[in-house]
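Q: Just to be clear, the model below is a prediction. Sequence and coordinates:
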Amino acid sequence: MTHQFPGLTPEQKKELSDIAQRIVAPGKGILAADESTGTMAKRLQKINVENTEENRRTFREILFSSDPSISNSIGGVIFFHETLYQKSDSGKLFPQVVKEKGMVVGIKVDKGTAGLNGTDGETTTQGLDGLSERCAQYKKDGCDFAKWRCVLKISHGCPSPLAIAENANVLARYASICQQVCVTISVSVIDDHFTNYTKTMDTHVFHLQVLAAVYKALNDHHVYLEGTLLKPNMVTAGHSCTKKYTPEDVAIATVTTLRRTVPAAVPGICFLSGGQSEEEASLNLNAMNQVPLHRPWKLTFSYGRALQASALAAWLGKDANRKAAQDAFCSRAKINGLASKGEYKPATPASQAAMQSLYTASYVY
Ligand SMILES: O=C(COP(=O)(O)O)[C@@H](O)[C@H](O)[C@H](O)COP(=O)(O)O
C-alpha cells in the first residue's frame, strides 16, 4: 500500500518493536519512577523526609543502584525529567546506571491534566506542543520509550462521550508524534471516584468504552501498535465497595475486558497499581496470568507505589537503611516478575508494609 504521507520505515518499526519486546520480556515489567516533584512530596512526607532535590535523588539512587539481578524482573524504568539529568553517587548519569544493568530508559512526556469545560470535573492531558522536539532530545539523552497518561473519571454520567473521544484522540496524537523516535506507552487511568459500584464487573463497561475508543483512535492515526505498550489500571470494584472480590474475580473481569478491546498486535499490557497494596497488586497480576483464557499479549506490571512503598518505609531517609530499602525493592520486583508469569506462590504472610493499602481518596493525577 502506498501512502501520500509515509509512516515509519521498516527499520524504525523493527527498532520500536524490539524495544517494546525487551521491556516486556518474560518475567519482566516496568518500574514507574516518574513521580513528579509534587507527588514525591506526598511520598516523602509519609516518612518525614523533606522534599528536596537531593532527597529525591538519593531515593532514586537507592532504587537504581540495587543489585544487578534487578534486571531479571525490571525491563524498563520510567523517569521524570529531573531524574534523567541527575547523577549517582559515583558520578554517572542515572540513565547510564540503568542501561548498564540492561534495563530500558523511559520518560514521562505529558504535562499533566487540564479541565474540560462543561463537564463534571473531567480532564484531558496536555503536552503535545513541542513534543516532537522534546522526544528527539530525550532520545539523544538516552530514552527509548515514552509515557503519556490520560485520566478518565467514573462517576454519575462519567466518563462522558466528550471525555472519552478527547482523551482517545490526544493519546493517539501523542503516540503518532512520539513513535517517530520512541516506543510509546499509553496510559488510560480510569480514576474510580464513584463508590456505589457494588460489583467488580459494574465498572468494566467503562473500561470497555474507553479502550475501544483508544484503539479506534490509534488505528485512525496510523499508530504502529507493535511498537506500543498499554498501561491501564485493573478492573476492580469501587474503593468503598463492601463486597470483597478475589484476585481471580479481578483477573477474569480484567482479562475479559482486555480481550475484547486490545489488539493482539500490542506486545504487552503493563498495569499500574492505582492505590492497591503491594501484595494485592502482585496477587491480582499473578491471577491474571493464570486465567484459563487465551492472552495474546504479555500481562505485566508498571508499578510506582506497589514497587516502592516497602522500600520507602524501610529507608526512612537514613543512610544506614539503604540496604534494607534495596532489599525491600528487589523483593517486590522479584515477586512481580514471578506474577507476570503466573508463578508467584506466597510462601510466608506478606509484611505489614506490603499489605498496607496505598489508596488515597480523591487522588489528584
Ligand atoms: O502510572 C503510574 C503508576 O503509579 P501507581 O502504580 O498507581 O503508583 C506512575 O507512572 C505515575 O504516573 C507516577 O507515580 C507519576 O505520578 P504523577 O506525579 O505524574 O502524578
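A: Nice, I can see it. All figures in this text were calculated on a predicted structure; none of them were measured in a lab.
Q: Got phi/psi on N284?
A: Dihedral pair for N284: phi -70, psi -40, per degrees, to the nearest 10.
Q: what about it, how many neighbours?
A: 26 (other C-beta atoms under 10 Å). Every C-beta, even on glycine, is put in place using the N, C-alpha and C of the backbone.
Q: so who does it touch?
A: 234, 236, 247, 250-251, 254, 276 (C-beta atoms under 8 Å, 6 or more residues apart in numbering).
Q: for R22, same thing?
A: Counting by C-beta under 8 Å, 6+ apart, R22 makes contact with 75-76, 104.
Q: So which of those residues are in strands?
A: Those of these mapping onto strands are 75-76, 104, per DSSP state E.
Q: Neighbour count, distance to P346 and pLDDT added to those residues, as TSV?
A: As requested, the ones in strands among the contacts of R22 are arranged in TSV below (neighbours: other C-beta atoms under 10 Å; distance: C-beta to C-beta, whole Å; pLDDT from 0 to 100):
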residue	neighbour count	distance to P346	pLDDT
G75	29	23	98
G76	28	26	98
V104	23	29	97
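Q: which of those residues come close to the ligand?
A: Applying C-beta under 6 Å from any ligand atom to the ones in strands among the contacts of R22, one finds that nothing falls near the ligand.
Q: Find out how far stretch 321-329 is from the centre of the chain, if you would.
A: Centroid separation for stretch 321-329 versus its chain: 22 Å, with C-alpha atoms, centre = their mean, to the nearest Å.
Q: ok, C150 to the ligand distance?
A: Per C-beta to the nearest ligand atom, to the nearest Å, C150 is found 11 Å from the ligand.
Q: mind checking the SS state of that residue?
A: strand (DSSP: H, G, I helix; E, B strand; the rest coil).
Q: So what's the residue count around it?
A: 26.
Q: Please shift the residue numbers so they start at 46 in all later answers.
A: OK, 46 is where the count begins now, so the last one is C195.
Q: which residues does it bridge with?
A: Counting by DSSP bridges, C195 forms beta bridges with S233.
Q: okay, it: pLDDT?
A: As predicted, C195 sits at a pLDDT of 96.
Q: One more: the one 4 residues further on?
A: For I199, the pLDDT comes out at 87.
Q: what bridges to it?
A: Going by DSSP bridges, I199 forms beta bridges with D237.
Q: I'd guessed it sits against T248; true?
A: Yes: contact criterion C-beta atoms under 8 Å: I199 and T248 qualify, at 6.2 Å.
Q: What parts of the stretch 96-245 of the chain come near the ligand?
A: Residues of the stretch 96-245 of the chain lying close to the ligand by C-beta under 6 Å from any ligand atom are 123, 194, 232.
Q: so is the closest residue to Q171 other than its chain neighbours in a helix, a strand, or just coil?
A: Distances taken as C-beta to C-beta, 6 or more residues apart in numbering place K156 nearest to Q171, at 4.6 Å, with adjacent residues excluded. Three-state call for K156 (three-state DSSP): coil.
Q: Next, count neighbours for K156.
A: Around K156 sit 15 other residues, with neighbours defined as other C-beta under 10 Å.
Q: for D134, same thing?
A: Neighbour count for D134, taken as other C-beta under 10 Å: 10.
Q: That one belongs to a strand?
A: No: applying three-state DSSP, one finds D134 to be coil, outside a strand.
Q: OK, contacts around it?
A: By C-beta under 8 Å, 6+ apart, the contact set of D134 is 106, 110.
Q: ok, K146 - contacts?
A: K146 sits next to 109, 113, 115-116 when contact means C-beta under 8 Å, 6+ apart.
Q: related to what we said a few turns ago, make JSON lines out of the residues of the stretch 96-245 of the chain next to the ligand and add neighbour count.
A: JSON lines is the format used below for those (neighbours: other C-beta atoms under 10 Å):
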{"residue": "I123", "neighbour count": "25"}
{"residue": "R194", "neighbour count": "23"}
{"residue": "V232", "neighbour count": "23"}
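Q: And the residues you listed, which is closest to L253?
A: Nearest to L253 among these is V232, at 17.0 Å by C-beta to C-beta.
Q: Could you tell me how far that closest one is located from D186?
A: Distance, V232 to D186, using C-beta to C-beta, to the nearest Å: 22 Å.
Q: which residues of this structure score low on pLDDT?
A: Scanning the chain for pLDDT under 70 picks out the ranges 46-51, 237-247, 394, 397, 404-410.
Q: So which residues of it form helices?
A: Along the chain, counting by DSSP state H, helices occupy 55-68, 82-90, 98-109, 126-129, 139-145, 176-185, 206-223, 249-265, 292-306, 323-333, 350-360, 367-384, 397-400.
Q: For E271, find the nearest of those helices.
A: When those are compared by C-beta to C-beta, helix 55-68 sits nearest E271, at 4.3 Å.
Q: Tell me the buried residues in the closest one?
A: Residues 60-62, 64-68 are the ones in helix 55-68 that count as buried (16 or more other C-beta atoms under 10 Å).
Q: Dump the residues of the stretch 96-245 of the chain next to the ligand to CSV, plus distance to E167.
A: Below are these laid out as CSV (distance: C-beta to C-beta, whole Å):
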residue, distance to E167
I123, 25
R194, 14
V232, 16
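Q: ok, of those residues, which one's closest to A398?
A: Using C-beta to C-beta, those come closest to A398 at I123, 22.5 Å.
Q: Run through the bridge partners of that closest one.
A: Note on I123: beta-bridge partners by DSSP bridges are A77, G151.
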